[in-house]
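Asks: task: produce atomic coordinates for the following.
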Amino acid sequence: MILHFYFARRFFMSFLVITGVLAALVMLVDGVDQARRFADDDVGWDQVLGMTLLHMPQTINMILPLIMILATVALFIGLARSSELVVTRAAGRSALRALVAPVVVALIIGTLAVAMLNPIVAATSERAEQLTQEYRSNGRAALSVSDEGLWLRQGTEEGQSVIRAWRTNTDASVLYNVTIISYDAEKGPIRRIEAESAQLSSGDWELTGAKIWPLAAGVNAEGAAEVHETLTIPSSLTVERIRESIGRVAAVSIYELPEFIRQLEQAGFSTRQHEVWLQAELARPFFLVAMVLVASAFTMRHTRFGGTGVAVLASILLGFGLYFIRSFAQILGENGQIPVILAAWAPPVAAIFLALGLLLHAEDG
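Replies: Numbers count the residues shown, from 1 in each chain. Okay, the predicted model is just below:
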C-alpha cells in the first residue's frame with residue numbers, strides 16, 4: 001500500500017503541475033482571442049479578462065484527456081530515470097499492479113470532473129454566452145425551454161418582444177400555438193399577438209391565423225382586435241441562432257440534463273445530441289482511465305533502452321487518435337447512424353482493451 005500511495009501521489013502531483021501549465025497557456029491564448037473577437041465592440045480589458053476566466057473551465061474540461069496522457073508520461077519517465085521503476089519490477093511488481101494507483105487516481109479525477117466540474121462548466125458557459133449576447137447585441141436575443149413551452153426574446157428597432165410557443169418542428173423553423181407580447185421601452189406592453197403557427201425566414205416571422213390585441217391605455221383591446229390570415233412581423237432571430245442556443249449542451253448541468261431532455265421532447269425538438277452528450281459524460285471517467293493505460297503502455301520502460309522520445313510521441317498520437325474516434329462516434333450517434341449507448345461507451349471500452357493488450361504484450365516480452 002505504501003508503494004501504491006507513493007505512485008498515486010507522484011501521479012497526482014504531475015497532474016496538478018501539467019494542469020497549471022496548460023491552464024496558463026490556454027488563458028494567454030484565449031485572452032488574445034477574446035480581445036480579437038470584441039475588438040469592434042465597446043469592451044474593456046477587465047471584461048475581456050472576465051470572458052477568458054469564464055471560458056477556462058470549459059477548456060480544461062475539454063483537454064482533460066491530454067492532461068491525463070502527459071501526467072502519465074511524466075510519471076513513468078521520472079520513475080524510469082530514477083530507476084525506481086526498475087526496482088519496482090525487480091521486487092516482483094508486475095506492470096498491471098504498478099498501474100493500480102494511477103488508474104484509481106484517474107478514475108477519481110474523472111468522477112469529480114463529471115460530478116463537480118461539469119456543473120461549473122455549465123454555469124460559466126451559460127454566463128459567457130449571456131455576456132457575449134449583451135456585448136454584441138445589447139441582450140436582444142435569448143432562448144429557454146420549460147414545461148410551459150419554448151420561450152424566445154428578440155429585439156428590433158420597434159422594441160423588445162417575448163415569444164412563447166407550445167411546440168416546434170424538429171429543426172426549429174416553425175413554431176406552433178404562438179403568443180407574442182411586444183414592449184416599448186417607455187410605455188411597457190403595447191401589443192399581444194396569438195397565432196396558430198409562426199415560420200421564421202428571411203429575418204421575418206410569417207404568422208398564420210393571427211389575432212392582434214392593442215394594449216394601449218384607454219383602448220378596448222377586444223373591440224380593437226384585428227384578425228389576419230397571414231401576418232409578417234420583423235425579427236432579429238435566425239433559425240441558426242435558435243439551433244445553436246438549443247444545441248449548447250455544455251451549458252446544461254449533467255444533473256439538469258435528463259429534465260432538459262424531457263422538456264425538449266415535449267417541445268418537439270430532437271434530443272439525440274443531448275442524449276449522446278449525457279452518456280458520453282457518464283463514460284468520461286473510463287475514457288480518462290484509457291488515456292492513462294495508453295500512455296503507460298509506451299512509457300513504462302527503462303530509459304537505457306532508448307527511443308523515449310518516440311515512445312512519448314507515439315502515446316500522444318495514439319491518445320489523439322482515440323479522442324478523434326470518440327468524437328467521430330459521438331457525431332454518428334447524434335446523426336442517428338449508431339445507437340446512443342454504442343456511440344458513448346464503445347470508444348472508452350475499446351480504448352481500455354487496446355491499452356491492456358499493449359501492456360500484456362509488453363509484459364510477456
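Asks: any chance you could map the helices in the protein?
Replies: 2-37, 45-62, 64-81, 84-90, 95-98, 100-112, 118-137, 239-247, 257-267, 272-282, 284-299, 308-334, 340-364 (DSSP state H).
Asks: among these, which is the most enclosed?
Replies: Of the helices of the chain, the one with the most neighbours on average (mean count of other CB atoms under 10 Å) is helix 284-299, at a mean of 25. Using the backbone N, CA and C atoms, a C-beta is placed for each residue, glycine as well.
Asks: just give me how far it sits from the chain centre.
Replies: 22 Å (CA atoms, centre = their mean, to the nearest Å).
Asks: helices or strands up against that helix?
Replies: helix 64-81, helix 100-112, helix 308-334, helix 340-364 (3 or more CB pairs under 8 Å, 6 or more residues apart in numbering; DSSP states H and E).
Asks: ok, which of the ones you listed comes nearest V48?
Replies: Checking the helices and strands packed on helix 284-299 against V48 by CB to CB gives helix 64-81 as the closest, at 25.0 Å.
Asks: same for the closest one, what does it pack against?
Replies: Helix 64-81 packs on helix 2-37, helix 84-90, helix 100-112, helix 284-299, helix 308-334, going by 3+ CB pairs under 8 Å, 6+ apart.
Asks: and the first one, what does it pack against?
Replies: Translated: helix 2-37. Packing partners of helix 2-37 (3+ CB pairs under 8 Å, 6+ apart): helix 45-62, helix 64-81, helix 100-112.
Asks: what is the rounded mean pLDDT of the last one?
Replies: Over the span of helix 100-112, the pLDDT mean works out to 93.
Asks: need the contact partners of that helix.
Replies: The contact list for helix 100-112 (CB atoms under 8 Å, 6 or more residues apart in numbering) reads 3-8, 11-12, 15, 64, 68, 72, 75, 284-289, 291-293, 296.
Asks: 6 Å instead, please
Replies: Contact with helix 100-112 is made by 4, 7-8, 11-12, 68, 284-285, 288-289, 292, as judged by CB atoms under 6 Å, 6 or more residues apart in numbering.
Asks: got the CA coordinates for stretch 266-283 in CSV?
Replies: Extracted C-alpha coordinates of stretch 266-283, given in CSV (Å, rounded to 0.1, in the frame of the first residue of the first chain):
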residue,chain,number,x,y,z
GLN,A,266,-42.2,17.9,-25.1
ALA,A,267,-41.4,21.0,-27.2
GLY,A,268,-40.8,18.9,-30.3
PHE,A,269,-37.0,19.1,-30.7
SER,A,270,-34.7,16.2,-31.5
THR,A,271,-32.8,15.2,-28.3
ARG,A,272,-30.3,12.7,-29.7
GLN,A,273,-27.4,15.2,-29.3
HIS,A,274,-28.3,15.7,-25.7
GLU,A,275,-28.7,12.0,-25.0
VAL,A,276,-25.3,11.3,-26.6
TRP,A,277,-23.7,14.0,-24.5
LEU,A,278,-25.2,12.7,-21.3
GLN,A,279,-23.9,9.2,-21.9
ALA,A,280,-20.5,10.5,-23.0
GLU,A,281,-20.2,12.5,-19.8
LEU,A,282,-21.1,9.4,-17.8
ALA,A,283,-18.4,7.4,-19.7
